[in-house]
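Enquirer: 3D model of this:
(one chain, ligands or ions: 3)
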Amino acid sequence: MSNFSNQIRASSSLIKRLKQRMTNPAALMQATRHFTTLEGHRPTIVHKRSLDILHDPWFNKGTAFSMTERDRLDLRGLLPPNVMTSEQQIQRFKADLKRLEVQARDGPSDPYALAKWRILNRLHDRNETMYYQVLIAHIEEYAPIVYTPTVGLVCQNYSGLFRRPRGMYFSAEDRGEMMSMVYNWPAEQVDMIVVTDGSRILGLGDLGVQGIGIAIGKLDLYVAAAGINPQRVLPVMIDVGTNNEKLLKDPMYLGLQEHRLDGDEYIAVIDEFMEAVFTRWPHVIVQFEDFQSKWAFKLLQRYRNTYRMFNDDVQGTAGVAIAGLLGAVRAQGRPMIDFPKQKIVVAGAGSAGIGVLNAARKTMARMLGNNESAFESAGRQFWVVDAKVRNDALSIIGMIIELAALYTQGLITEERENIDPEALPFARKVKEASRQGLREGASLAEVVREVKPDVLLGLSAVGGLFSKEVLEALKGSTSTRPAIFAMSNPTKNAECTPEEAFSIVGDNILFASGSPFQDVDLGNGHIGHCNQGNNMYLFPGIGLGTLLSGSRIISDGMLQAAAECLAEYMAEEEVLNGIIYPSTSRIRDITKEVAAAVVKEAIKEDLAEGYREMDARELQKLSQEEIVEYVKNNMWSPDYPTLVFRRD
Ligand SMILES: NC(=O)c1ccc[n+]([C@@H]2O[C@H](COP(=O)([O-])OP(=O)(O)OC[C@H]3O[C@@H](n4cnc5c(N)ncnc54)[C@H](O)[C@@H]3O)[C@@H](O)[C@H]2O)c1
Ligand SMILES: O=C(O)C[C@H](O)C(=O)O
Ligand SMILES: [Mg+2]
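Expert: Ligands and ions are numbered 1, 2, ... in the order given. Here you go, the predicted structure:
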């Protein structure tokens, strides 16, 4: 699109926004105040633009920059969309100070988590190199602060915590202008974008614009674990509104205070964003993060064959779960090839749950011969329990219908009405279910009692779902070592704690959770190991491997290679001791290995087009060891460079 037509779009949208303000009393007041200021004072001349202004305490006004100023000073997209008055800014600051005590108490297991986050964040703003030195050297201690679980708390309190903006904001009001807005980002090259629309942040629901925190946290791991250069990462928030009623009414909220766009309008915004970023940075990789499942699958299908993108919750989680499930087989003292015999109960058929189910089924089918009947019989190893408010129920709420009838819950069978298309392949046949003593909607405890599964895996976002009754039922498992994956985040959303799992089901279980927990002291010198089953073990390596291979897309084979690499990373002895995932202190090493596996697969599939001086032909010639070396040599480390001044 030409610059000229962009300018026309920009000015027509400006007029539209001014018109809208005329009907909004608060905005009108603000506009009036702005003009009064202009009349009363001469404008200040600035010789800076863009981030340089935001980073200069003398000129910075933060969220109080008006829309016209944002346009004039190339600030558009560098601030959350809601323009605030300076009175509102002060209110927000005071509310944040007051909330500090409460937040400290709300914190995950560490009451000082949020205070630590603030200190680290200030360091990040001051000295990026030192920030990453600290993070890498103490990743075990600080990953739970900059990432899950504290990042959830940060997102929930983002309006108060917001200081210096980080990343870009594209809002529904920026339609038609994104192509020019991307040029407001100061970096000439961007390798990794993590984008969210804030619609499902961890298990905390719709947090609207505040979800930017999750994109920032994921990119911190890209730098710390994968060695992506921090000057080449870009966190993005696409603000299409929010359906969170509390945020819609909150005067301190920084995002658009309107309901979420839906349907074609929503897709048009995401399409425009994708076109804009890939136009400016054709080699960028875009990770979709924490989109509600309604859009997660559709957008993945829409873009995955044309853009270098993946969905972390669907695909990253699937790989991490596969590695853990294979680890669970090994921990039983059996070969991985026995995986297709495992009986697996999954609670939660959302974007992550369905991603895991599809990948696990395919892995089993491959082991069984990779034909149609293998795929069919693999499907019979899964029992899926979900609980959903029916879409149609929302529209008939007014018709005095029993509340209970609005929900579909429990075991999914083919009898279920309005079943999600993604869950349909996993619906149990009614006759088969009844032979097992089960029926449509059977409770999780009933399913566990009748199936006696090897694995109970939760991606439901419901804290405590693996209740005493459910865990008691798991004692009847036919496995020598039942495995419990309580994968929902953050901490309070975990389906159960490791203490509950070990104390109720027994010392011999295998336990993994999405958020970190302490190991459990089982007495007599024995430790119940708590694994962290989190997609952080894969997404950094998937991104880095894709970047260094120069593959134009991220294929199923590349994702599979990443998962297998993680599964094989753990030594036999560790696995037999119940350790199926590496500790976070090894995340840089595992990421290097995963990236190398991804590069290797991209070469094998003839997708690798090369990166910088390493062209496709050179890549083809590399041995396994050379690929690992190539990856290692391209990982950024936080060392101070020597600086030299030169006039422009
Ligand atoms: N450990 C990880 O690496 C990882 C990765 C991705 C997601 N997650 C976590 O998994 C959770 C789910 O994420 P998602 O993207 O799939 O969300 P989602 O909203 O798409 O899916 C959640 C599903 O759980 C179902 N559910 C709700 N209540 C239930 C109940 N009582 N019993 C059974 N099912 C129930 C919902 O109907 C929905 O289908 C979140 O907490 C997220 O943080 C963890
Ligand atoms: O963010 C995480 O910790 C994992 C995962 O992406 C999630 O959405 O929970
Ligand atoms: Mg996520």
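Enquirer: do a quick rundown of the helices in the stretch 201-350 of the chain.
Expert: Counting by DSSP state H, counting those that start in this stretch, one finds helices in the stretch 201-350 of the chain at the ranges 212-226, 245-249, 263-280, 293-303, 317-331.
Enquirer: out of these, which is closest to L153?
Expert: Nearest of the helices of the stretch 201-350 of the chain to L153, taken as C-beta to C-beta: helix 212-226 at 9.1 Å. The C-beta positions use only the backbone N, C-alpha and C, and glycine is treated the same way.
Enquirer: for that closest one, packing partners?
Expert: On a contact count with 3 or more C-beta pairs under 8 Å, 6 or more residues apart in numbering; DSSP states H and E, helix 212-226 meets helix 128-137, helix 139-146, helix 150-156, strand 192-196, strand 233-239, helix 539-549, helix 587-604.
Enquirer: could you give the angle of that helix to helix 139-146?
Expert: 160 degrees (axes from the mean of the first three to the mean of the last three C-alpha atoms, to 10 degrees).
Enquirer: next up, the contacts around P540.
Expert: Contacts for P540 (C-beta atoms under 8 Å, 6 or more residues apart in numbering) come out as 221-222, 225-226, 228, 587, 591, 594-595.
Enquirer: and of those, the nearest to ligand 3?
Expert: Minimum distance to ligand 3 across these is 11.7 Å, recorded for L221 (C-beta to the ion).
Enquirer: returning to what we had before: can I get the helices and strands packed on helix 212-226 in a markdown table with mean pLDDT and distance to D639?
Expert: Formatted as a markdown table, the helices and strands packed on helix 212-226 follow (pLDDT from 0 to 100; distance: least, C-beta to C-beta, whole Å):
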| stretch | mean pLDDT | distance to D639 |
| --- | --- | --- |
| helix 128-137 | 95 | 7 |
| helix 139-146 | 96 | 17 |
| helix 150-156 | 93 | 27 |
| strand 192-196 | 98 | 20 |
| strand 233-239 | 98 | 18 |
| helix 539-549 | 98 | 19 |
| helix 587-604 | 98 | 15 |
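Enquirer: deepest of those, which one?
Expert: helix 539-549 (a mean of 30; mean count of other C-beta atoms under 10 Å).
Enquirer: could you measure from the residue in the stretch 151-300 of the chain positioned nearest to ligand 2 over to G348?
Expert: Relative to ligand 2, the nearest point of the stretch 151-300 of the chain is L202 (4.5 Å; C-beta to the nearest ligand atom). As judged by C-beta to C-beta, to the nearest Å, L202 and G348 stand 13 Å apart.
Enquirer: cool, Q332 as well?
Expert: Counting by C-beta to C-beta, the gap from Q332 to G348 is 24 Å.
Enquirer: so the two - more neighbours on which side?
Expert: Neighbour totals were compared for Q332 and G348, and G348 leads with 25 against 19 (other C-beta atoms under 10 Å).
Enquirer: tell me, how many residues neighbour the closest residue to that one other than its chain neighbours?
Expert: Closest residue to G348 apart from its sequence neighbours, by C-beta to C-beta, 6 or more residues apart in numbering: S460 at 3.3 Å. If you count neighbours by other C-beta under 10 Å, S460 ends up with 25.
Enquirer: thanks a lot, see you next time.
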